[in-house]
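In: I'll drop the sequence and a predicted model, then ask my questions.
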There are 2 protein chains.
Amino acid sequence: MKPKKRTTIYDIAQKLNVTPSSVSRALNNSNYVNEATKKLILKTAEELNYKRNTMASNLRKGHSKTIGVVVPRINQNFFSNVIAGIEDATYKQGYNLIICQSNESYEKEVQSVNTLINQHVDCIVISVSIESNDHKHLQNVLDQNIQLIQFDRVADELETLKVINDNEQASFEAVDHIIEQGYKRIALLEGPQNLDIFRQRKKGYLNALAKHNIPVVNELIIENTWTKELGAKATRQLLSLPEPPDAIFASTSDFSALGVLEVATAMNIKVPSQLGICGYSNEAFTELTSPSITTIDQFSFYMGKTVANLYFQELENSDTIVVPKIISIKPKLIVRSSTMKKKR
Amino acid sequence: MKPKKRTTIYDIAQKLNVTPSSVSRALNNSNYVNEATKKLILKTAEELNYKRNTMASNLRKGHSKTIGVVVPRINQNFFSNVIAGIEDATYKQGYNLIICQSNESYEKEVQSVNTLINQHVDCIVISVSIESNDHKHLQNVLDQNIQLIQFDRVADELETLKVINDNEQASFEAVDHIIEQGYKRIALLEGPQNLDIFRQRKKGYLNALAKHNIPVVNELIIENTWTKELGAKATRQLLSLPEPPDAIFASTSDFSALGVLEVATAMNIKVPSQLGICGYSNEAFTELTSPSITTIDQFSFYMGKTVANLYFQELENSDTIVVPKIISIKPKLIVRSSTMKKKR
DNA sequence: TTTGAATATGCAATCGATTGTTGAAATTTA
DNA sequence: TAAATTTCAACAATCGATTGCATATTCAAA
């Protein structure tokens, strides 16, 4: 790299024999500069290929116009869509995005949050990792006076802005639909119960069973099955039961639903006639499997936009008191072949 | 938001009756501080919940330890994987990532690049948008003395570091495989020829035809078909030809290959026996369609890591001359059902 | 022509951290 | 004990941009 120095407002000031203040004012389109000199400054800035040093500017102004995002995995459909949504909204406001992934590791999550604090981001948007049980690092964000918005996987006990899906309702509707289709013994693949979203989904499942007076069978509920492999393993276990289920609701993810489907296919069990399957997330592939998989769409891109806009809205009202606010987005059940027991 | 001020090195200095310089030295683990005072400073920093202001630090040091990434779409499998790979490598080096998406728009790409320059990122990693024909904005990056690394979709004429796939070779192997399977009339869905990657893929296609003495038929080559819809449209066009193709190589993406498959299925044309299909990118869904789709894996995550490591490597050798370097990653043909005409 | 207001510009402090230089104190060596 | 050396900390400048305050200039109103 050549050691060429970048042009600063001082260079411009020197060349035009004015002070840096005037240059700054011209560049910021302030009224306290003569129109003629403003034009001149702007022209020379262009000529010298001047680029504002955002670091210096932000340091002085005391904010960074940057939002930090921490997600478990960038390359997971749901999250990359949320990020795309956030980016879409923040870009329009001239904000930047710093992205971190926790890889579902608590340690990396804490480190990422600390980096973002050091970077003086104006807001941290986070969906916590599976491993996260305590929230000292998030409390720290609040203590540092940084806006914190949690989405999807939220630490319930922490009073922050939150954007979530109505998991309970969606889960209820899914199981209700499954029952309506005539399935009687419905298994649940559930996620780690330290995360609220999975507790809610379980609640929805239980509510639906209750509504139809179907007893809860504990051996039909299997915990921690949020990958394809775990879903497959759980399915083998379930199907070898004396009284196996006739439907499986993979409330954790479409990936585990895929595991279910693959095992069923391998065991020559017909879906949906012998076994109903429902996933969660509406991953692109659920439409493409045979049979296609019934699932729940979370409106991820929209969720991202909502998160970002929530921040900007709070920013405007920053003079008034901050109320812990929760925005709940109602997900949509997408009925596909894998649960269509009744012919239409 | 409460207007609480964050603690700075001055606060620490004042409390301990030392100078900020000493605090800074202690915090940076310099040797020019007494062990005892260093410990004391570190302890008080902890107590006051001190967080370094990276903006100030970076301003002084003249770099940002940040890498800017510009991709067409964050939520596209290939790109989100590359980003994940970059993140993985940069995180280990204590670097941050600022992510921008161009949405395939030239204008937004230029704006994104400018923002990154203003942010004084140390390096810009970019995969240009479909729309990008000129590269003034990239030249500008170079002029500002910022390292520039292009990947996948690169502006060939610009002498920068590049990480690419050997598209020509991969494309050649795919078409070669298709021919070996017994297909005779092979159509090509090609991408915008202003992008080098698509030109290379076409070259590979032509080379494979030449190898097997198959004449090139112009009406079998259809340009600009990089979405599912465009792929479907092109397929309808191709299949209504007096002499329709018996195989279609969707060199643009798996999405267009999916469009081909859907049209074929709708028209009751058997894949692979009547029509062979090959996509590009190894999107997750290609494994799940029926039949599964033959495609080309680009090792996207690995590509991201390569990009990041290339930067760090160049950083180490920054005293020596910078040579425009091109790293080519050989993609891998993944043969699946959609081209398996020959029974095994 | 004098006064007052409006406009334009300069000065200097500031944001928070880093670092080269300098000098005092402590330690070692002769 | 004196001289030489090392250790430690203070001082002050710096990174680049912003902004409150003060001052100078211009112009209109009285």
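Out: Sure, I can see it. Remember, predicted model here, so these are calculated numbers, not experimental data.
In: where along chain A do the strands fall?
Out: With DSSP state E as the criterion, chain A has strands at A:66-71, A:96-101, A:123-126, A:147-151, A:161-165, A:186-189, A:221-222, A:247-250, A:276-278, A:295-297, A:326-329, A:332-334.
In: Go through the ones you listed and name the closest to residue B:192.
Out: Distances from residue B:192 to each of the strands of chain A were compared using CB to CB; the shortest belongs to strand A:96-101, at 27.7 Å. For glycine as for every other residue, the C-beta is placed from the backbone atoms N, C-alpha and C.
In: so where do the helices sit in the stretch 1-150 of chain A?
Out: Under the criterion DSSP state H, counting those that start in this stretch, the stretch 1-150 of chain A carries helices at the ranges A:9-16, A:20-27, A:35-47, A:54-61, A:77-92, A:106-118, A:136-143.
In: re earlier: please identify the deepest-packed of the strands of chain A.
Out: By mean neighbour count, with neighbours taken as mean count of other CB atoms under 10 Å in any protein chain shown, strand A:247-250 ranks first of the strands of chain A at a mean of 32.
In: name the helices or strands packed onto it?
Out: Contacts defined by 3 or more CB pairs under 8 Å, 6 or more residues apart in numbering or on different chains; DSSP states H and E place strand A:247-250 against helix A:167-180, strand A:186-189, helix A:228-239, helix A:254-266, strand A:276-278.
In: Which of the strands of chain A comes out lowest on mean pLDDT?
Out: For those, the stretch scoring lowest in mean pLDDT is strand A:96-101; its value is a mean of 91.
In: Show me what it packs onto, helices and strands only.
Out: With contacts taken as 3+ CB pairs under 8 Å, 6+ apart, strand A:96-101 sits against strand A:66-71, helix A:77-92, helix A:106-118, helix B:77-92, strand B:96-101.
In: can you tell me if the fourth one touches chain A.
Out: The one in question is helix B:77-92. Yes: where contact is defined by CB under 8 Å from any CB of the partner chain, part of helix B:77-92 touches chain A, namely B:77, B:80, B:81, B:83, B:84, B:87, B:91.
In: Identify the residues contacting the first one.
Out: Read that as residue B:77. By CB atoms under 8 Å, 6 or more residues apart in numbering or on different chains, the contact set of residue B:77 is A:75, B:281, B:283, B:284, B:300.
In: Pipe the residues you listed into CSV and attach distance to residue A:126 per row.
Out: As requested, those are exported to CSV (distance: CB to CB, whole Å):
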residue, distance to residue A:126
A:75, 17
B:281, 30
B:283, 28
B:284, 25
B:300, 25
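In: from these, which is closest to DNA strand D?
Out: residue A:75 (35.6 Å; CB to the nearest atom of the strand).
In: Give me the local confidence score for that closest one.
Out: Among the per-residue scores, residue A:75 shows a pLDDT of 87.
In: from the helices of the stretch 1-150 of chain A, which stretch is densest packed?
Out: Among the helices of the stretch 1-150 of chain A - counting mean count of other CB under 10 Å - the highest mean neighbour count belongs to helix A:77-92, which has a mean of 23.
In: and it, how far from the chain's centre?
Out: Its chain's C-alpha centre lies 9 Å from the corresponding centre of helix A:77-92 when counted by CA atoms, centre = their mean, to the nearest Å.
In: and what of stretch A:244-257?
Out: Chain-centre distance of stretch A:244-257: 22 Å, with CA atoms, centre = their mean.
In: now for it, what's the gap between its first and last residues?
Out: The first and last residues of stretch A:244-257 sit 17 Å apart, counting by CA to CA, to the nearest Å.
In: Same question for stretch A:37-56.
Out: Stretch A:37-56 stretches 24 Å from its first residue to its last (CA to CA).
In: contacts for that stretch?
Out: A:6-9, A:11-12, A:15-16, A:18, A:22-23, A:25-27, A:29, A:33, A:65, B:55, B:58-59, B:64, B:114, B:117-120, B:140, B:143-144.
In: mean confidence for stretch A:24-31?
Out: With pLDDT averaged residue by residue, stretch A:24-31 scores 92.
In: can you tell if it touches DNA strand C?
Out: Yes: with CB under 7 Å from any atom of the strand as the measure, stretch A:24-31 is seen reaching DNA strand C through A:25, A:31.
In: pLDDT weak spots in chain A?
Out: Residues of chain A meeting the criterion pLDDT under 70: A:1-4, A:318-322, A:343-344.
In: Get me the contact residues on it for DNA strand C.
Out: Near DNA strand C, when you scan chain A using CB under 7 Å from any atom of the strand, you find A:17-22, A:25, A:31-35, A:37, A:56, A:59-60, A:62.
In: at 6 Å instead, please
Out: Residues of chain A lying near DNA strand C by CB under 6 Å from any atom of the strand: A:18, A:19, A:21, A:22, A:32, A:33, A:34, A:35, A:37, A:59, A:60.
In: out of the residues you listed, who's near DNA strand D?
Out: Contacts with DNA strand D are made by A:21, A:59, A:60 out of the residues of chain A next to DNA strand C, judged by CB under 6 Å from any atom of the strand.
In: Chain B: which of those residues is nearest?
Out: residue A:59 (4.7 Å; CB to the nearest CB).
In: Closest residue of the stretch 101-250 of chain A to DNA strand D?
Out: Going by CB to the nearest atom of the strand, DNA strand D is nearest to residue A:120 of the stretch 101-250 of chain A, at 12.9 Å.
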